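Asker: Could you look at this predicted model? Sequence included:
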Amino acid sequence: MTERIDEVMEICLLAGKLMLESGGETYRVEDTMTRIAASFGMSRSHGYVTPTAIIFSIEGTDSTRLIRISDRSTDLAKVAVVNDISRRISRGELTLEEARKELEEVRRAPMSYPLWQQTAAAALASACFASLIGGGMVHFFPSLFSGGVAFWCFEMVHRFVKIRFFAEFFAAFVAGGLVLLMVQAGFGGDIGKMIIGSVLPLVPGLAITNAVRDLMAGHLIAGLSRGAEAFLTAFAIGTGIAFVLSIR
């Protein structure tokens, strides 16, 4: 019996870790772990989730586990896959071993899209947004270039420096610097609209959304911490742009 409890807890924690690392909300993570435990006959389980840690226990046993979450990214495809696995477990379609195998496959799977595709999407989003806010086609290609380079720089710096603040600051600095250089060279027009479009892919939209949803769900600590993370990201972007403009 003890061995089975340990196996269930490991599956619950693995599912929760995958969802939290991929950008899932804390209340969704808690609900998923509780549902998986209940599906394997352990209805009295408790999970406490913050953006950096998961605590999970099963009532009536001596088993309590804590795992740290050190790296978080955005991969909503993994969140959807883990959510689908938990629902199949709830319907009784997967055994313990099958569930573990599928979750391990999700864990080993690479990001949904390679870096070049993410960079291309970020560049296109920057160009389109700069055009939509009144810049027109004259700002499309300069914003396409500066937004793509800024996003690529963010990903590269973040791989070597795990503090996101510095990666976001550097990416915003690069975006602002490229915009100024292109305007001085005669490409583009409105500096403000081009800078706004270039830094759009760096804006913490998912963090802000999750912070609000966690607060509305009653997860005050998680909501406030995610909100603080979003604020620091916005501050880093603003600081990078302000630094460029100050040395203009």
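Answerer: Received, thanks. These figures come from a predicted structure and were not determined experimentally. Numbering: from 1, shown residues only.
Asker: Outline the domain layout of this structure.
Answerer: 2-108, 115-246 (automatic domain parsing).
Asker: will you turn those domains into a markdown table that also has mean pLDDT?
Answerer: Converted to a markdown table, the domains of the chain look like this (pLDDT from 0 to 100):
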| stretch | mean pLDDT |
| --- | --- |
| domain 2-108 | 86 |
| domain 115-246 | 86 |
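Asker: could the ones you listed go into JSON lines alongside mean neighbour count?
Answerer: The C-beta positions use only the backbone N, C-alpha and C, and glycine is treated the same way. What follows is those, written out as JSON lines (neighbours: other CB atoms under 10 Å):
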{"stretch": "domain 2-108", "mean neighbour count": "18"}
{"stretch": "domain 115-246", "mean neighbour count": "19"}
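Asker: check contacts around the residue lying closest to Val183 once chain neighbours are set aside.
Answerer: With sequence-adjacent residues excluded and distances taken as CB to CB, 6 or more residues apart in numbering, Val183 is closest to Ile191, at 5.6 Å. By CB atoms under 8 Å, 6 or more residues apart in numbering, Ile191 lies in contact with Val179, Leu180, Val183.
Asker: what helices or strands is the helix or strand that contains Ala230 leaning on?
Answerer: Assigned by DSSP states H and E, Ala230 belongs to helix 220-246. Packing contacts for helix 220-246, counted by 3 or more CB pairs under 8 Å, 6 or more residues apart in numbering; DSSP states H and E, involve strand 45-50, helix 164-184, helix 191-199, helix 205-216.
Asker: thought Gly188 was touching Met194?
Answerer: Yes. With contact defined as CB atoms under 8 Å, Gly188 reaches Met194; the gap is 5.2 Å.
Asker: On the three-state scheme, the residue nearest the centre of the chain is what?
Answerer: Note on the chain: the residue nearest the mean C-alpha position is Thr74, at 2.9 Å, using CA atoms, centre = their mean. At Thr74 the chain is in coil, as set by DSSP: H, G, I helix; E, B strand; the rest coil.
Asker: can you pull the contacts of it?
Answerer: Ser22, Gly23, Leu206.
Asker: Correct me if wrong: Met194 contacts Phe187.
Answerer: No. At 9.3 Å, Met194 and Phe187 do not qualify as touching, with contact defined as CB under 8 Å.
Asker: list residues touching both of those two?
Answerer: Between them, Met194 and Phe187 share the contacting residues Pro142, judged by CB under 8 Å, 6+ apart.
Asker: what comes into contact with stretch 171-185?
Answerer: Stretch 171-185 is contacted by residues 142-143, 145-147, 149-151, 153-154, 157, 188-189, 191, 194-195, 198-199, 202, 236-241, 243-245, 248 when judged by CB under 8 Å, 6+ apart.
Asker: Over to stretch 40-57?
Answerer: By CB under 8 Å, 6+ apart, the list of residues contacting stretch 40-57 reads 4-5, 8-9, 12-13, 16-17, 20, 26-27, 29-30, 33-34, 37-38, 58-60, 63-70, 72, 89, 96, 219, 221-222, 225-226, 229.
Asker: same thing with stretch 92-110?
Answerer: Outside stretch 92-110, the residues touching it (CB under 8 Å, 6+ apart) are 4, 7-8, 10-11, 14-15, 18, 36, 39-40, 78, 81-82, 85, 88-89.
Asker: Go through those and flag which are in helices.
Answerer: 4, 7-8, 10-11, 14-15, 18, 36, 39, 78, 81-82, 85, 88-89 (DSSP state H).
Asker: Show me which pair in those residues is furthest apart.
Answerer: Arg4 and Lys78 (26.6 Å; CB to CB).
Asker: residues contacting Pro142?
Answerer: Pro142 neighbours (CB under 8 Å, 6+ apart): Ala130, Val179, Met182, Val183, Phe187, Gly188, Met194.
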